[in-house]
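Participant: model this:
(2 chains)
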Number of protein chains: 2
Amino acid sequence: MAQQGRAALTRRRLIQSAAQSFDTHGFRDAGLAEISSAAGVSNGALHFHFDTKEALAAAVEDEAMEALGRLWEPAARSVPAPPSLQQLIDATHALAAMLREDVVVRAAFRMRYEGAAGIGRADPRAAWESFVAARLDEAAAEHTLAEGVPPQDAAQTITATTAGFEILGRTDPIWLSEDALLAFWRLLLPRLAAPEALARFSFAPSGAGSN
Amino acid sequence: MAQQGRAALTRRRLIQSAAQSFDTHGFRDAGLAEISSAAGVSNGALHFHFDTKEALAAAVEDEAMEALGRLWEPAARSVPAPPSLQQLIDATHALAAMLREDVVVRAAFRMRYEGAAGIGRADPRAAWESFVAARLDEAAAEHTLAEGVPPQDAAQTITATTAGFEILGRTDPIWLSEDALLAFWRLLLPRLAAPEALARFSFAPSGAGSN
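Facilitator: All right, here's what the predicted structure looks like:
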């Protein structure tokens, strides 16, 4: 039991350390020696848990996927569920907070941006793109999307803008601040939302499902 | 003369090779040995032209700045100058084309995203941000910006979205395609432009100043 606990702890430390290294150097240039030494773990222990750098990257991606799931599941489960556009607004705020605070999520996004793809089965960036696209399709079905706004155009733009906040936020955290998100939604939402629905939405996180 | 021509050619080759390496590995993890060998140049010749990796990076940035200048100067010089919002639309299309085709511009943007900053005096990413902000301030002064749209919110969003196109375009060139830009402007321009001015703008490059 204590043995298992120690093994789980070592595994966690290695994932955190790998995420730190992938986030700093990218997958290609991250070194296993640096990862094990920063985790305070021997090279042998690293290889006991992870066969290859790819296996470590897959574990980072799996953990990032779990974090993303925690980001959007509560709102979807709350009754009544908030309108889809509000779920989307809330999720962008929550994603920005994760990218500020969670090196595992940051590393997972960076790896996919670099084309270190096909690593694990989980693709957090693709999951985010699907989430955005699904909320906009739902908003169109709910008639809260403004007429003449193709959901796909909106999904592309929001995906690109959140990717931009992520990359710019790496060197200047102000891009991942709540203010940056508010400015974005103040600009975009009046174009996105059907005029009669606009007043139902909050540019700031609505707090729905957040407990 | 032949000697000078050869030196200039070697210098150009080194800048191209360095850009390729910075673009692939990032500044931090790019190696001088790889840069000189890919340029077909001896290590000694590299050091004759560039003292340090920082000097190479500064040269890449200087060349990217010249390319960016060629991107926006013609429109500004044409008479009559196109409205500022059209200059901005045209410039986003031209930037996307550069990011698709010019490894020097791509490398220069990547280095700044990575915080390999303070390298040279030229900062192409900051220059792009200033260009975007200036066109939106001008549009406000020209009364072609919709009422209630703060130019700064618009500048932030456009800066973030273009950064997103750049980073997503690294693994999937469709993000830097003309179609992606058209979808973005179809979505954003009706919110950005004063209603009475909207019809004056083209989502596609206007061709102004392009000769």
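
Participant: what number of residues lie near A:D51?
Facilitator: When neighbours are defined as other C-beta atoms under 10 Å in any protein chain shown, A:D51 has 10 of them. The way it works is simple: take the backbone N, C-alpha and C, and place the C-beta from them, glycine included.

Participant: That one and A:S21: what is the separation?
Facilitator: According to C-beta to C-beta, to the nearest Å, A:D51 stands 17 Å off from A:S21.

Participant: I figured A:R191 hits B:P190, correct?
Facilitator: Yes - contact criterion C-beta atoms under 8 Å: A:R191 and B:P190 qualify, at 6.3 Å.

Participant: Check which element follows the strand or helix carrying A:V105 along the chain.
Facilitator: Using DSSP states H and E, A:V105 sits in helix A:103-113. The element immediately downstream of helix A:103-113 (helix or strand, assigned by DSSP H and E) is helix A:124-141.

Participant: helix or strand right after that following helix?
Facilitator: Per DSSP H and E, the first helix or strand lying C-terminal to helix A:124-141 is helix A:151-169.

Participant: before we move on, the earlier item: the helix holding A:V105: how far from the chain's middle?
Facilitator: Centroid displacement of helix A:103-113 relative to its chain, using C-alpha atoms, centre = their mean, to the nearest Å, is 8 Å.

Participant: now check it, is it near chain B?
Facilitator: Yes - Helix A:103-113 is in contact with chain B by C-beta under 8 Å from any C-beta of the partner chain, via A:112-113.

Participant: who touches that helix?
Facilitator: With C-beta atoms under 8 Å, 6 or more residues apart in numbering or on different chains as the test, helix A:103-113 has contacts from A:15-16, A:18-20, A:22-23, A:26-27, A:57, A:60-61, A:63-65, A:67-68, A:98-99, A:117, A:119, A:123-126, A:163, A:166-167, A:170, B:167-168, B:170-171.

Participant: again with stretch A:7-23
Facilitator: A:30-31, A:34-36, A:38-41, A:45-46, A:49-50, A:56-57, A:59-60, A:63, A:103-104, A:106-108, A:110-111.

Participant: Show me these that map onto strands.
Facilitator: Using DSSP state E, no member of the contacts of stretch A:7-23 falls within strands.

Participant: If any of those residues are buried, give me the ChimeraX selection for them.
Facilitator: Buried members of the contacts of stretch A:7-23, defined by 16 or more other C-beta atoms under 10 Å in any protein chain shown, are picked up in ChimeraX with:
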select /A:30,35,36,39,41,45,46,49,50,56,57,59,60,63,103,104,106,107,108,110,111
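
Participant: So which of the contacts of stretch A:7-23 sit within helices?
Facilitator: Members of these lying in helices (criterion: DSSP state H): A:34-36, A:38-39, A:45-46, A:49, A:56-57, A:59-60, A:63, A:103-104, A:106-108, A:110-111.

Participant: For A:D29, which non-adjacent residue is spatially closest?
Facilitator: B:D29 (3.9 Å; C-beta to C-beta, 6 or more residues apart in numbering or on different chains).

Participant: isn't that neighbour right up against A:G26?
Facilitator: Yes - proximity of B:D29 to A:G26 meets the contact threshold set by C-beta under 8 Å, at 7.3 Å.

Participant: neighbour count winner among the two?
Facilitator: A:G26 (22 against 16).

Participant: backbone phi and psi for the more buried one, please?
Facilitator: Backbone torsions for A:G26, taken as degrees, to the nearest 10, come to phi 90, psi 160.
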